[in-house]
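S.K.: Pasting a predicted model and its sequence here:
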Amino acid sequence: MKALILNSGLGSRMGVLTSEHPKCMTEISLKETILSRQLKLIAAAGIREVVMTTGAFDNVLVNYCNSLDIPVHITFVKNPVYDKTNYIYSIYCAREYLKDDDLILMHGDLVFENTVFDDVVSSGMSCMTVSSTHELPEKDFKAVIADDKVQKVGIEFFNDAMAAQPLYKILKDDWNKWLDQIAAFCESGDEAQKKCYAENALNEIIDKNIFALDVQNRLCAEIDNPEDLAVVSNKLAEIENRKVYMCFSTDMIHSGHISIIKKAARLGKLIVGVLSDEAVVSYKRFPLLPFAERKAMFENIAGVYKVVAQETLSYKDNLLNYKPDYVVHGDDWQTGFQKPIRDEVTSILASYGGQLVEFRYSNDEKYKELENRARADLSMPDVRRARLKKTISMKGTITAIEAHSGLTGLIAENTIVEQDSGARQFDAMWISSLCDSTAKGKPDIELVDMTSRFRTIDDIMEVTTKPIIFDGDTGGLTEHFVYTVRTLERMGVSMVIIEDKTGLKKNSLFGTEVQQTQASIPDFCEKIKAGKKAQKTKDFMICARIESLILEQGMDDALERAFAFAGAGADAIMIHSRKKDPAEIFEFVEKFRAKDSTTPIVVVPTSFNMVTEEEFKERGVNVVIYANQLTRTGFPAMQNAARMILEHHRAKECDDICMPFKDIIRLIPEDV
Ligand code: SPV
Ligand code: MG
């Protein structure tokens, strides 16, 4: 595709402004002339060949173009009789350079905003710019339009016409016909035919195949006199000061992002909102790069005017703060969990006259591959292990749900709920001794040995990326515990929780109904110290679980242990209770926090399950573990199905409570 710029005209209506150079060199802002702006847009559209017709001041024009340093090659063609002919003859003079190619044709005094030019260049058919909202000009071009197609162009048509501007894209076949007709006019021997408009030739051959590209109120105007210049310059200044807003959560910039940033930047000054780590984690995956690095990344991308933080998935705060003229987004958020966010954006934009611009979302396989690789990275031991600590410090309070198999791991990994213009998902997984044992049909008494427990971890790790908190029961003998720590750490587990019991461990929810022995404070401190000494990385966490409230040893005992265990090096404290009333948990948290404001506190609200995560957070709890709900819901459903089949001597009746077969076969992704 080539561009043809017609610059042979005299521009005499500009007065003194064109006394020393052609009209196209008139300044329209502090940094641009009409021509420099046109050439920059042409170059930005990837067009490298420009043909420019010249007339008066042709040397000035050639020197000026050479000084601009814009990456286009320009062929200058002088119309030797520029003062006696019209541009139809200039085109005729340049015809050898123009044949057999798609063409962008523009007059040299035309100023148009970026998006108008983008629409022209990307048009799939020949087109001319028109405006349905401008008044019909008395003396300038109008196009007669039927069925969105241009029928005739000239200054004399008023019926069924729209204001038209001489900015065209003409596809090769159409252009060859028009050019032949221009040649026929110029070679007719009739001098008057060299003085008419090139559009007169067009009107003779027009075949209803030039699309009328309606620019409406967007800038696309010729500058004929100083008044036009003032109007256009002001409008341009306003356009260039428009603010555009986009939000990004990505930690990997690819060509799709660059392309949408380029498009957005053409609408005005592009402000990029970078989503906070917490907001990214809430709906997507853990970011490979933290907020500060993602922000720096966008600050270094050409076309980005400013980078700001967006704290939540909702755009509200930033829209009200910056009042952008445009918000740009891919069209992928028209459905799915982002739809409420989009709805909020459109209603805020409507409140002050802003506009939403959506570009087609690229579902390119190579971008999916990048995302898959990022996810794969997150499942690597070093990356996964470190993430629990990071997530706690990022969010303050995190949640974990029990997983005891690959399938329950996938539920913990992928379950996401859309809520309040955002999304919620679990931050981590809990490998419960109760559920791991139950899944194997065995009691929760440390009967399932560590090798088997590690196997469960491995099954889960193979198909997930979220951090893992391992229920280490009592930790066993100190001499054994150090090996357990090393193995868990090597596997990429983030935290082991060991409870201060000794001898035959039974599940805490039995409380005092069964015989259980609490370990002495010094013995348990020794176990913690040995574990801490054994670990190799700074990321792995050993959490001490206090059973004093379960075993009715009192608050003072619980607190004494908590401070002793933290002093011995425990990275976190878990306080457990089997009471429905959360009072003793709250009392413990308050008293512990009075003296220790940093050591993370872990709770397992199986009994005191009316307490919300928000309330725990407010009180200073850092990890909330839903320890057994998947097992407890799955088991009755399975039992029910088995019963139904027995009762009815067939499976039909139990089909209603079964997942459809087509869903179960798609439940497991083919690649993780
Ligand atoms: C588990 O899930 O195995 C636990 C928590 O240890 S509890 O069952 O409440 O003791
Ligand atoms: Mg347990």
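M.R.: Arrived safely. Ligands and ions are numbered 1, 2, ... in the order given.
S.K.: Could you report the neighbour count for Arg619?
M.R.: Residue crowding around Arg619 was assessed by other CB atoms under 10 Å; the count is 17. Where C-beta positions appear, they are placed from N, C-alpha and C, glycine not excepted.
S.K.: repeat for Lys595
M.R.: 11.
S.K.: so what's it up against?
M.R.: Counting by CB atoms under 8 Å, 6 or more residues apart in numbering, Lys595 touches Phe563.
S.K.: Distance check, it against Gly531.
M.R.: 23 Å (CB to CB, to the nearest Å).
S.K.: interface residues of the protein facing ligand 2?
M.R.: By CB under 5 Å from the ion, the residues of the chain that approach ligand 2 are 433-434, 471.
S.K.: Tell me the bridge partners for Phe76.
M.R.: Judged by DSSP bridges, the bridge partners of Phe76 are Met52.
S.K.: residues contacting it?
M.R.: Applying CB under 8 Å, 6+ apart, we find Phe76 in contact with 52-54, 58, 61-62, 65.
S.K.: what pLDDT does it get?
M.R.: Here the pLDDT value assigned to Phe76 is 97.
S.K.: do the same with Ser12
M.R.: Ser12 is assigned a pLDDT of 68 by the prediction.
S.K.: the strands in the stretch 451-600 of the chain, which residues?
M.R.: Assigned by DSSP state E, counting those that start in this stretch, the strands in the stretch 451-600 of the chain fall at 468-471, 495-499, 501-502, 517-518, 541-546, 572-575.
S.K.: so, in contact with ligand 1 or not, the longest one?
M.R.: Read that as strand 541-546. No: using CB under 6 Å from any ligand atom, strand 541-546 stays clear of ligand 1, with a minimum separation of 7.8 Å.
S.K.: what's that strand packed up against?
M.R.: Here strand 541-546 touches strand 495-499, helix 521-534, helix 555-567, strand 572-575, going by 3 or more CB pairs under 8 Å, 6 or more residues apart in numbering; DSSP states H and E.
S.K.: same thing but 6 Å
M.R.: Helices and strands touching strand 541-546, by 3 or more CB pairs under 6 Å, 6 or more residues apart in numbering; DSSP states H and E, are strand 495-499, helix 555-567, strand 572-575.
S.K.: again, but for the first one
M.R.: For strand 468-471, the packing partners by 3+ CB pairs under 6 Å, 6+ apart come out as strand 428-431, strand 495-499.
S.K.: need the ones you listed in a markdown table with distance to ligand 1, can you?
M.R.: Putting the helices and strands packed on strand 468-471 into a markdown table (distance: least, CB to the nearest ligand atom, whole Å) gives the following:
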| stretch | distance to ligand 1 |
| --- | --- |
| strand 428-431 | 7 |
| strand 495-499 | 7 |
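S.K.: JSON lines for those, including mean pLDDT and mean neighbour count?
M.R.: JSON lines is the format used below for those (pLDDT from 0 to 100; neighbours: other CB atoms under 10 Å):
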{"stretch": "strand 428-431", "mean pLDDT": "98", "mean neighbour count": "26"}
{"stretch": "strand 495-499", "mean pLDDT": "98", "mean neighbour count": "26"}
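S.K.: so who does Cys141 touch?
M.R.: One correction, residue 141 is Phe, not Cys. For Phe141, the contacting residues are 153, 164, by CB atoms under 6 Å, 6 or more residues apart in numbering.
S.K.: wait, Glu462
M.R.: By CB under 6 Å, 6+ apart, the contact set of Glu462 is empty.
S.K.: measure it to ligand 2 for me?
M.R.: Computed with CB to the ion, to the nearest Å, the distance linking Glu462 and ligand 2 is 23 Å.
S.K.: ditto for Met659
M.R.: Counting by CB to the ion - Met659 and ligand 2 are separated by 29 Å.
S.K.: which residue packs closest to that residue, ignoring adjacent ones?
M.R.: Sequence neighbours aside, Leu667 is the residue nearest to Met659 in space, at 7.6 Å (criterion: CB to CB, 6 or more residues apart in numbering).
S.K.: do Asp147 as well
M.R.: Nearest in space to Asp147, with sequence neighbours left out and distances taken as CB to CB, 6+ apart, is Lys208 at 7.7 Å.
S.K.: which regions of the stretch 451-600 of the chain lie under the pLDDT threshold?
M.R.: Counting by pLDDT under 70, the stretch 451-600 of the chain shows no low-confidence range.
S.K.: How many neighbouring residues does the residue of it found nearest ligand 1 have?
M.R.: Nearest to ligand 1 in the stretch 451-600 of the chain, going by CB to the nearest ligand atom, is Ser508, at a distance of 3.6 Å. Ser508 has 23 neighbours, counted by other CB under 10 Å.
S.K.: for the helix or strand harbouring Asn203, packing partners?
M.R.: Using DSSP states H and E, Asn203 maps to helix 198-205. Judged by 3+ CB pairs under 6 Å, 6+ apart, helix 198-205 is in contact with helix 172-186.
S.K.: For the stretch 351-500 of the chain, list the residues in contact with ligand 1, please.
M.R.: Residues of the stretch 351-500 of the chain found near ligand 1 (CB under 6 Å from any ligand atom) are 432-434, 444, 471.
S.K.: mind running it again at 8 Å?
M.R.: By CB under 8 Å from any ligand atom, the part of the stretch 351-500 of the chain that sits against ligand 1 consists of 402, 430, 432-437, 444, 471, 473, 497, 499.
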